[in-house]
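K.L.:
Return atomic coordinates for the entry below.
(chains A and B)
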2 protein chains.
Amino acid sequence: MHNKYLVTDQWKIIENQWRPELHQGSESIFSIGNGHMGQRANFEETYTGQSLQGTYLGGVYYPDKTRVGWWKNGYPEYFAKVLNAVNWIGIRIFIDEQELDLAKVQVTDFQRELNMQEGYLSRSFTADIGDGRFIAVRATRFVSMKRKEIGAIRYSVKLKNFSASLKMVPYLDFDVINHDSNYDEKFWEPVAENVGSQKAVLQAKTKKLDFNVSAAMRYEFLVDGEHFTLYPETDKKPKYVENSFSLKAQEGKEYTLHKYAAICSSFMHPNKELIPLADELASQAMRAGFNKLLEEQKQDWAQRWSTSDIKIEGDPEAQQGIRFNIFQLTQTYTGEDARLNIGPKGFTGEKYGGSTYWDTEAYCLPFYMASAGKEVSQNLLKYRYNQLGKAIENAQKLGFTNGAALYPMVTMNGEECHNEWEITFEEIHRNGAIAYAIFNYTRYFDDPTYVQEYGLEVLIAISRFWAQRFNYSTAKKQYVMLGVTGPNEYENNVNNNWYTNYIARWCMRYTAEVVAQMQKEVPEKLESLAKRAHFEPQKELAQWAQISENVYLPSNEELGVVLQQEGYLDKEQRTADDLSMAERPINQFWSWDRILRSCFIKQADVLQGMYFFEDHFSREEIERNFDFYEPRTLHESSLSPCVHVVTAAYLDKMDKAYELYLRTSRLDLDDYNREVHEGLHITSMAGTWLSVIEGFGGMRVRDNVLHFNPKLPENWKALAFTINFREAVLKVNFSGKQYKLEKLSGPQVEVQVNGEKVAFS
Amino acid sequence: MHNKYLVTDQWKIIENQWRPELHQGSESIFSIGNGHMGQRANFEETYTGQSLQGTYLGGVYYPDKTRVGWWKNGYPEYFAKVLNAVNWIGIRIFIDEQELDLAKVQVTDFQRELNMQEGYLSRSFTADIGDGRFIAVRATRFVSMKRKEIGAIRYSVKLKNFSASLKMVPYLDFDVINHDSNYDEKFWEPVAENVGSQKAVLQAKTKKLDFNVSAAMRYEFLVDGEHFTLYPETDKKPKYVENSFSLKAQEGKEYTLHKYAAICSSFMHPNKELIPLADELASQAMRAGFNKLLEEQKQDWAQRWSTSDIKIEGDPEAQQGIRFNIFQLTQTYTGEDARLNIGPKGFTGEKYGGSTYWDTEAYCLPFYMASAGKEVSQNLLKYRYNQLGKAIENAQKLGFTNGAALYPMVTMNGEECHNEWEITFEEIHRNGAIAYAIFNYTRYFDDPTYVQEYGLEVLIAISRFWAQRFNYSTAKKQYVMLGVTGPNEYENNVNNNWYTNYIARWCMRYTAEVVAQMQKEVPEKLESLAKRAHFEPQKELAQWAQISENVYLPSNEELGVVLQQEGYLDKEQRTADDLSMAERPINQFWSWDRILRSCFIKQADVLQGMYFFEDHFSREEIERNFDFYEPRTLHESSLSPCVHVVTAAYLDKMDKAYELYLRTSRLDLDDYNREVHEGLHITSMAGTWLSVIEGFGGMRVRDNVLHFNPKLPENWKALAFTINFREAVLKVNFSGKQYKLEKLSGPQVEVQVNGEKVAFS
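P.N.:
Numbering: from 1, shown residues only, chains lettered A, B, ... in the order given. From the prediction side, this is the model:
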């Protein structure tokens, strides 16, 4: 069913044959990024075959006018889109006037490598460009982890068996398109172009919102490694600048360009500084030189791997898969800037607008907590804190009052982008995950300061939303929540989704707990926050308590399970086994009404709740619900299997856990969903991490203690990983019934393995 | 709130002052049509002010590519749009080179009249075109009821106090736009243009579907009523042909053009005949002459009014309103062609695509049965019969099998056009109305042949749909219908909508009745139909009976009402009085989720069912449900009040009945909804007719007898009307407690008034 063409390697992704039909997928897989910008693995030289050009800059987006069939009051006018920005990698190559284009020559040898350990992309190929004239090209590039606005390329051409004129044309180009533009518009307008000898700089701005971006380039030219002085021609047109130079290239010699590009945006700097700054940064990069920049890159990645690596012995594919996921997650978000977040495709494609979803809080946060530590994780939380005002406005648009907040389903700057009423207005459980993340962070780091200084304000606004969103049913004499879409998006507009009601109730109670604790410990902080949020603890807490005590949670006693929503058992009860493969995924074969009225579940819903709140339920309760819901779950969201893996492992259903794990582990590398050409599933990569660490590693924080309960798949000889836990860095190794824990740095922390306290080695 | 600017008159709509800001609304109100084509009241001469140009041809539409936010499997690619076609009315007027344009001159006198009795539009105005030079224009036009492809115009210009050169330019123009084009495309492409002296013909075709339309014109020129020979210049460009001629016009003389246009489409004729045919028809029209054509028109309308008029004494506004509604309904559908139907805006605007909705069966059929008789009504039913194949295909797309049919929500040719899952896939009660119309027709005309020859096939296919759409709930041990949208579109994706479940069950039972009757009376017909439809009576009827006997119908014993849908009482219970006017209509002020979870009802839902099946319920049951649902109903669909009027009158709640009646009676004439500029609410006009005839007249067919139970509003001195009933034409007059019935023609029929048998005078 899927594509398996990559070489298995512990630290690299390797493609060793030119397959044009898979190129656009490889462009996604071999993407590079530094948390600030990202670049798909497009070719430097012109390529007229199938390709998705993509250079994406964190925080720079476009509010594209939506296409809506039937407008609903409250819909946003615009859908914020991740913006394909300046093509900074471009180097056109001409040999005797013939432009090099892999779509038009005979490629005899091709190798593409993503070096995940050291953080760079390289590519080499040999091609017959006609009449038996062979050339060899090698290219290496990266976006610098240390210098966030710098990209560097080493690009070499060798004429293997002939001499000819060689023209090289390094350029910068803003005249790019977004494939998902709703009305085929181009989003960039020219601002300035300046081009000189061996340097150029230009600036463009977005047609709306006035994001300005400058790009500068410098380059050096080397012949067999020796610097060579050039007298290039220059050219420019709106949104475009180039240098070009020709020389008589001799058979067997290698002609190399080091291209340094700096890209600076008004998201980071004042407009008027953009051009001089880019120019200066590019110049600095050239002065440092390609090799030094690459050395910095290797060191930076070594540091990152030292607290985030996972080793899986005995399963090379799983090893490669998990490292790929860690690598891509780290490339997507590095956490210096609380205005950035994690789009479902990261910097690897246009789809889903590059915006923030509840994925961040529900799936990604644990990875960043364990791998990148407290500050980075706090920045993820602060993203929502900083957008609280917009979330309150958003709730107001839907008729909520008194500072109630509804965070958007999809957002770039805090405003809602989504325009489908059943999601935009009804998939409100996202508010719950945002509250849960505050709790999760606080539990993981045992750090009450965040919730006390920032988190509570968010919790209050969300609790206010829930209190208004429940209504009292005189028929049931309980509080009900009508018209919601739960995590299972194969149901819309249901009444009393168990997950939503449960997390809403939990949220009101947790908020009350935090308030109570602050009243005891830091009353002055509470007072100042209450003033800021017009919070009236006595009155509001009483109201929340009244609701919380009497929330309707649908369940079925006979089956001993909770019900995904009221009326779930009225559906025809079938299991995934009853479906033929020809009708799956059902969203490709069934009409929406048929999906909605079926019992089939897209992704963990009840089980998502039991995963979040494992401690609230007995093992037997969880098992009954797992046994009921797992067979009905189709896992047609890439975010689904991980939750079931963790729960299955908890329940010692290891075959099921491993079966489901395989569906996420190499989702993109093996292109299970046939959509890797659109970009990578970045946020679901965090789900794979959860599967390994919380599933097979059995990691939990419970009663303020870090627990492991390792249960390795049969073929795994060992599972080892390094994590941050609170202020400590721990190295953990599980192998069979053996385990070994090391504290690499930081204070003493209590850890238990299989319920027993561990002495660190 | 609304606009009241028209003069009240029994037989005319009169506008007696030039108000440019209301012109686009008047263009709708003064529309003319003949069931085959229609023309908004655009000006003949150039008008650069606000205007919606509209010439619409029955059956000629455009499949405009939809705009969809989030595609769902099963959505149609296209939305069929009523197509603005050739501008045939155009006559440009130049006086001393200055083009006449009411947006640019001083209008001193203006009168527009729609003569509903005789079926034509006339207009006259005086204007100062500058420097005190006054001109007077008179224009009369109509589209011929007798000659369906002919439009005729008499257009006269008089220079009142000066002489000048006068140029007149009659033209035909296909270079027109649809305002609702999704991507600002023009829909017509040129095919041919021919222009000669005093004649022209051209043809264009639609960019998709290849609808070809030809238009031809002839004209005569008269000076003070005397024919005058011309030597015009000719001009043409793609999609456009014109003649133009100038003369020295003298003060006080009247210069008149009789323009005859023929419009022929490939919907009616083979392509290659279009040009010669249009040419010949225009020529014939000219030979007949304007006065003869107008005389034909008057006779035709006299005939139509003789079986459809309603007289209301004592309420001139209601009188004008009901005649306007009858007039517009008659202009929209004349019933010769079973491929045509009744769009919500008829031929008066672009909105709602000019397509067919369930409005036809649920609201319009009774008007046409009573006013236009059996053949016309049968053609309305055959429209659906002819589209049965597409309805079966449509159901197949949604996963139904075995010849089950789901008729589209919106259609032009039988294919679904709508693209909103909660409507397209879930507002399936439309199937019920289509079945009900067959029953209604059969009851009204006491004519079993239609259902036996055509109707049953439709009934079977619809019953098959219901049988599959219900599913057995093991929880309830009853059949349930999940995920539907009822007539109240302020609920989506609900479970067990009472109306839908009820009409579905009724449909399966009625189908079984028809089958049983045919088995007895015409077994050979049944056998042949069964073969055609692969119908297995024994097996299928048994299955339907099993379901019918055990359908879940939600209700509440305590309140003694049925429930609009399962869980309706979990909503916060409020009434329309609790809403401030500032938030109404709520669909303009509330977000969709808020509307959905509120208890507020857009249009009759439970009460629609009790209206259809009045005989199934006791008066007390109906009253309890009316008293419960009426206060919760906002009537934010123009189709809603009529059903409540009929039921309120039945329940002797005459104040309520009259209050609601006022909301529909002059909806467009007084522009209650501030949207008349988009076109008229044609189908809801039939609802007004129902209010008068079934509400205040209390007309019912019960036990094969025609009943009246008149209850006139206080200020109505008398209500009189003429109707077809079966083969008879009856004239009915109610006045106070008096009544008078006349049989104008046809066989004896039994009629009861207030339960007593009537002797005809």
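K.L.:
what residues does the stretch 1-150 of chain A put near chain B?
P.N.:
A:66, A:67, A:68, A:69, A:70, A:72, A:73, A:74 (C-beta under 8 Å from any C-beta of the partner chain). Every C-beta, even on glycine, is put in place using the N, C-alpha and C of the backbone.
K.L.:
which residues touch the third one?
P.N.:
Okay, so that is residue A:68. A:75, A:419, B:67, B:68, B:69 (C-beta atoms under 8 Å, 6 or more residues apart in numbering or on different chains).
K.L.:
Quick check: the gap between the last one and chain A.
P.N.:
What it means is residue B:69. 5 Å (C-beta to the nearest C-beta, to the nearest Å).
K.L.:
my read is that residue is in a helix, agree?
P.N.:
No - Residue B:69 is assigned coil when assessed by DSSP: H, G, I helix; E, B strand; the rest coil, not a helix.
K.L.:
Most neighbours among the contacts of residue A:68, which one is it?
P.N.:
residue A:419 (23 neighbours; other C-beta atoms under 10 Å in any protein chain shown).
K.L.:
My understanding was that that residue contacts residue B:69; is that so?
P.N.:
Yes - counting by C-beta atoms under 8 Å, residue A:419 does reach residue B:69; the two are 4.8 Å apart.
K.L.:
Show me whatever sits in contact with both of the two.
P.N.:
Joint contacts of residue A:419 and residue B:69 (C-beta under 8 Å, 6+ apart) are A:66, A:68.
K.L.:
Flag every residue of the stretch 451-600 of chain A that's near chain B.
P.N.:
So far as C-beta under 8 Å from any C-beta goes, the stretch 451-600 of chain A lies against chain B at A:471-476, A:480, A:482-483, A:492-493, A:495, A:566-567, A:569-573, A:587-594, A:596-597.
K.L.:
Report the buried members of those.
P.N.:
Applying 16 or more other C-beta atoms under 10 Å in any protein chain shown to these, the neighbour count classes A:471-473, A:475, A:480, A:482-483, A:492-493, A:495, A:566-567, A:569-571, A:573, A:587, A:589-594, A:596-597 as buried.
K.L.:
Next step: those restricted to helices.
P.N.:
Using DSSP state H, the members of these that fall in helices are A:587, A:589, A:592, A:593, A:594, A:596, A:597.
K.L.:
farthest pair in those residues?
P.N.:
The span of these, defined through C-beta to C-beta, is set by A:589 and A:597 at 15.3 Å.
K.L.:
which SSE is residue A:403 in?
P.N.:
Following DSSP states H and E, there is no helix or strand that holds residue A:403.
K.L.:
do you know how far it is from chain B?
P.N.:
18 Å.
K.L.:
Which pLDDT value does the model give that residue?
P.N.:
The score at residue A:403 is 97. That number is its pLDDT.
K.L.:
Return the residues in contact with it.
P.N.:
Contacts for residue A:403 (C-beta under 8 Å, 6+ apart) come out as A:392, A:460, A:461, A:464, A:533, A:534, A:535.
K.L.:
Can you flag the buried ones in those?
P.N.:
Neighbour-count burial (16+ other C-beta under 10 Å) is assigned, among those, to A:392, A:460, A:461, A:464, A:533, A:535.
K.L.:
got TSV for these, with pLDDT and secondary structure too?
P.N.:
Listed next are the buried ones among the contacts of residue A:403 as TSV, based on pLDDT from 0 to 100; DSSP: H, G, I helix; E, B strand; the rest coil:
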residue	pLDDT	secondary structure
A:392	98	helix
A:460	98	helix
A:461	98	helix
A:464	98	helix
A:533	95	coil
A:535	97	coil
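K.L.:
Closest to residue A:250 out of these?
P.N.:
Nearest to residue A:250 among the buried ones among the contacts of residue A:403 is residue A:392, at 68.4 Å by C-beta to C-beta.
K.L.:
what sits against the closest residue to chain B within the stretch 1-150 of chain A?
P.N.:
Nearest residue of the stretch 1-150 of chain A to chain B: residue A:74, at 3.4 Å (C-beta to the nearest C-beta). Residue A:74 sits next to A:397, A:398, A:421, A:424, A:425, B:591, B:592 when contact means C-beta under 8 Å, 6+ apart.
K.L.:
can you tell me the helix or strand for it?
P.N.:
Using DSSP H and E, residue A:74 sits within no helix or strand.
K.L.:
and it, what are its phi and psi?
P.N.:
When read as degrees, to the nearest 10, the backbone of residue A:74 gives phi 100, psi -10.
K.L.:
do the same with residue A:734
P.N.:
Backbone torsions for residue A:734, taken as degrees, to the nearest 10, come to phi -120, psi 140.
K.L.:
so what's it bridging to?
P.N.:
Per DSSP bridges, the residues bridged to residue A:734 are residue A:719, residue A:739.
K.L.:
now residue A:403: how far from residue A:40?
P.N.:
Using C-beta to C-beta, to the nearest Å, one gets 42 Å for the distance from residue A:403 to residue A:40.
K.L.:
I meant residue A:267, not that one.
P.N.:
Distance from residue A:267 to residue A:40, by C-beta to C-beta: 20 Å.
K.L.:
Compare neighbour counts for these two and give me the winner.
P.N.:
For residue A:267 versus residue A:40, the count of surrounding residues by other C-beta under 10 Å is larger for residue A:40: 27 against 17.
K.L.:
How many residues are close by the residue lying closest to the more buried one once chain neighbours are set aside?
P.N.:
Counting by C-beta to C-beta, 6 or more residues apart in numbering or on different chains, residue A:54 is the residue found nearest to residue A:40 once chain neighbours are left out, at 3.8 Å. Neighbour count of residue A:54, defined by other C-beta under 10 Å: 27.
K.L.:
count of neighbours near residue A:446?
P.N.:
Using other C-beta under 10 Å as the criterion, the residues surrounding residue A:446 number 12.
K.L.:
Could you tell me which residues make contact with the closest residue to it other than its chain neighbours?
P.N.:
Once flanking residues are discounted, residue A:446 sits nearest to residue A:726: 5.9 Å by C-beta to C-beta, 6+ apart. By C-beta under 8 Å, 6+ apart, the residues touching residue A:726 are A:374, A:444, A:445, A:446, A:447, A:746, A:747, A:749.
K.L.:
isn't the fifth one right up against residue A:439?
P.N.:
No - in this structure, residue A:447 sits apart from residue A:439 without contact. The criterion is C-beta under 8 Å, and the distance is 11.9 Å.
K.L.:
Looking at these two, which has the bigger crowd around it?
P.N.:
More crowded of residue A:447 and residue A:439, by other C-beta under 10 Å: residue A:439, with 19 against 16.
K.L.:
what about the more buried one, which SS state?
P.N.:
helix.
K.L.:
How much space separates it from residue A:699?
P.N.:
17 Å.
K.L.:
dump the residue contacts of the closest residue to residue A:350 other than its chain neighbours.
P.N.:
Nearest residue to residue A:350 in three dimensions, chain neighbours excluded: residue A:180, at 4.7 Å (C-beta to C-beta, 6+ apart). When contacts are counted by C-beta under 8 Å, 6+ apart, residue A:180 is found next to A:64, A:81, A:350, A:351.
K.L.:
Closest to residue B:212 out of the buried ones among the contacts of residue A:403?
P.N.:
Lowest distance from residue B:212 to the buried ones among the contacts of residue A:403 (C-beta to C-beta) belongs to residue A:392, with 57.8 Å.
K.L.:
Touching, the closest one and residue A:408? I think so.
P.N.:
No - at 11.7 Å, residue A:392 does not count as touching residue A:408 under the criterion of C-beta under 8 Å.
K.L.:
Many thanks, I have nothing further to ask.
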